[in-house]
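Colleague: just need the structure, nothing else, for what follows:
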Amino acid sequence: MARDEARAAAIIAVVIPCYKARQTILGVLAAMPATVDRIFCVDDGCPDKTGLFIEQNVRDQRVAVLYNPSNQGVGGAVMTGYRAALADDVDIIVKVDADGQMDPALIPRFVDPIAAGLADYTKGNRFYHPEWLEGMPFVRLCGNAVLSILTKFSTGYWHLFDPTNGFTAIHAGALKLLPLDKIAKGFFFESDMLFRLNTIRAVAMDVPQKAVYGEEESHLKIWKALPQFSVFLVRNFLKRIFYNYYLRDFHLASLEFLIGPPLLFFSILFGAYQWRASIAAGEAATAGTVMLAALPMIVGLQLILSAFNFDIYNQPTTPVHRFFRRDEDHPS
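Modeller: Sure thing, here's the model as predicted:
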């Protein structure tokens, strides 16, 4: 009952990025629950003119169609919808894809933790029940598992999984704290959102969600995108460590991240050089040389593991949107 009251008190908007979605968008819109107050469909420079198709075939007064003059990618489309929702003064913004793989009936499940003040951001997790994975293509399953592990390092949300899941919800108060112009516009959007959310110490939560896979073809080719994702995630990891452990605050882990990697790299380089030198000379390395190569490696690994252990337990616990009143100005 308390959850229903909290949800009823919140103004809920749904953002749907639309690109080549004529065959599925009407079904998605028809399934929107009555608890949704606004629906923003974003035609992202769609060659099939999905936006015009919606205007001609949908009579739901909650639906507004927005147009990007050129294709900006899923992130760019979502940012357009986010800005419109913020301008409409809503409380919680849900993002749903137009391909029919996300059941709009689950929207209350994503909204409830935010409306109850338990989270700033919720996202779907298709890996929650093993039985739910039976319909997922094997290549997509393996790719998502690898990306999930890499994204944990990058974003700092070690308890989250399925980072490419686009079924999300966010409180407007937390969204206003994010630099919307800097968030990735392409397929890196979901991972970059998590990175940005961690830099403002937002509370993110996984929501169990079963996906539906039909005949539609995913625009994301995971194995082709994996090298680009890896570079992108490493960059965000370094930025996150700098923001959270040197710019905003300083912990014992800050020293461990600072000292551990140089010790490890020194040990590897020094050990490799001495190993090559001993082979060339035909003589075994002395005990002192072996210790000089091994000790920094042991200490460096211990410091790195200790730093990551701190990082894993250094999770945001207090939703940031609770610090701001609905009518209060937020930093941009």
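
Colleague: show me where pLDDT drops low in the stretch 101-250 of the chain?
Modeller: 131-137, 211-226 (pLDDT under 70).

Colleague: looking at this protein, which helix is longest?
Modeller: Counting residues, the longest helix in the chain under DSSP state H turns out to be helix 252-281.

Colleague: can you name the element that comes right after that helix?
Modeller: Next in sequence after helix 252-281, counting helices and strands by DSSP states H and E, comes helix 287-313.

Colleague: what packs against that following helix?
Modeller: helix 252-281 (3 or more C-beta pairs under 8 Å, 6 or more residues apart in numbering; DSSP states H and E). The way it works is simple: take the backbone N, C-alpha and C, and place the C-beta from them, glycine included.

Colleague: by how many degrees do the helix it packs on and helix 287-313 diverge?
Modeller: On the basis of axes from the mean of the first three to the mean of the last three C-alpha atoms, to 10 degrees, helix 252-281 is oriented at 150 degrees to helix 287-313.

Colleague: same for helix 252-281, what does it pack against?
Modeller: Here helix 252-281 touches helix 287-313, going by 3+ C-beta pairs under 8 Å, 6+ apart.

Colleague: just to revisit the earlier point, give me the buried stretch members for the longest helix of the chain, please.
Modeller: Ala253, Ser254, Glu256, Phe257, Gly260, Leu263, Leu264, Ser267, Phe270, Gly271, Gln274 (16 or more other C-beta atoms under 10 Å).

Colleague: do the same with stretch 314-322
Modeller: Neighbour-count burial for stretch 314-322 [16+ other C-beta under 10 Å]: Asn314, Pro316, Pro319, Val320, His321.

Colleague: end to end, how far does that stretch reach?
Modeller: 20 Å (C-alpha to C-alpha, to the nearest Å).

Colleague: pLDDT (mean, whole number) over that stretch?
Modeller: Per-region confidence: stretch 314-322 scores 89 on mean pLDDT.

Colleague: kindly report the same for stretch 266-279.
Modeller: Stretch 266-279 comes out at a mean pLDDT of 91.

Colleague: list of residues touching that stretch?
Modeller: Ala284, Ala285, Thr289, Leu292, Ala293, Ala294, Leu295, Pro296, Met297, Gly300 (C-beta atoms under 8 Å, 6 or more residues apart in numbering).

Colleague: mark which of those are buried, thanks.
Modeller: Ala285, Thr289, Leu292, Ala293, Pro296, Met297, Gly300.

Colleague: and Pro17, what helix or strand is that in?
Modeller: Assigned by DSSP H and E, Pro17 belongs to strand 12-18.

Colleague: what's the next secondary structure element after that strand?
Modeller: Counting by DSSP H and E, what follows strand 12-18 is helix 25-30.

Colleague: can you pull the buried residues of that following helix?
Modeller: Ile25, Leu26, Val28, Leu29.

Colleague: okay, that helix in CSV with CA atoms only?
Modeller: Taking C-alpha atoms only, helix 25-30 is exported to CSV below (Å, rounded to 0.1, in the frame of the first residue of the first chain):
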residue,chain,number,x,y,z
ILE,A,25,6.1,0.7,-31.4
LEU,A,26,2.3,0.5,-31.4
GLY,A,27,2.3,-2.6,-29.3
VAL,A,28,4.7,-1.0,-26.8
LEU,A,29,2.6,2.1,-26.5
ALA,A,30,-0.6,0.1,-26.2
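
Colleague: same for it, what does it pack against?
Modeller: Against helix 25-30 (3+ C-beta pairs under 8 Å, 6+ apart) you get strand 12-18, strand 38-44, helix 50-57.

Colleague: who's in contact with the last one?
Modeller: Residues lying outside helix 50-57 but in contact with it, judged by C-beta under 8 Å, 6+ apart, are 18-22, 25-26, 29, 41-43, 63, 65-67, 98.

Colleague: buried stuff in it?
Modeller: In helix 50-57, counting by 16+ other C-beta under 10 Å, buried: Thr50, Gly51, Phe53, Ile54.

Colleague: what about stretch 161-172, start to end distance?
Modeller: 23 Å.

Colleague: what does stretch 101-114 give?
Modeller: Its first and final residues considered, stretch 101-114 spans 23 Å by C-alpha to C-alpha.

Colleague: just the CA atoms of the helix or strand that contains Ala77, as CSV, please.
Modeller: Using DSSP H and E, Ala77 sits within helix 73-87. Output in CSV follows, covering the C-alpha atoms of helix 73-87 (Å, rounded to 0.1, in the frame of the first residue of the first chain):
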residue,chain,number,x,y,z
GLY,A,73,22.4,7.0,-31.5
VAL,A,74,20.4,5.6,-28.6
GLY,A,75,22.1,7.9,-26.1
GLY,A,76,21.4,11.0,-28.1
ALA,A,77,17.7,10.0,-28.4
VAL,A,78,17.4,9.3,-24.7
MET,A,79,19.0,12.7,-23.9
THR,A,80,16.4,14.4,-26.0
GLY,A,81,13.7,12.6,-24.2
TYR,A,82,15.3,13.3,-20.8
ARG,A,83,15.5,17.0,-21.4
ALA,A,84,11.8,17.1,-22.5
ALA,A,85,10.8,15.2,-19.4
LEU,A,86,12.8,17.5,-17.1
ALA,A,87,11.2,20.6,-18.8
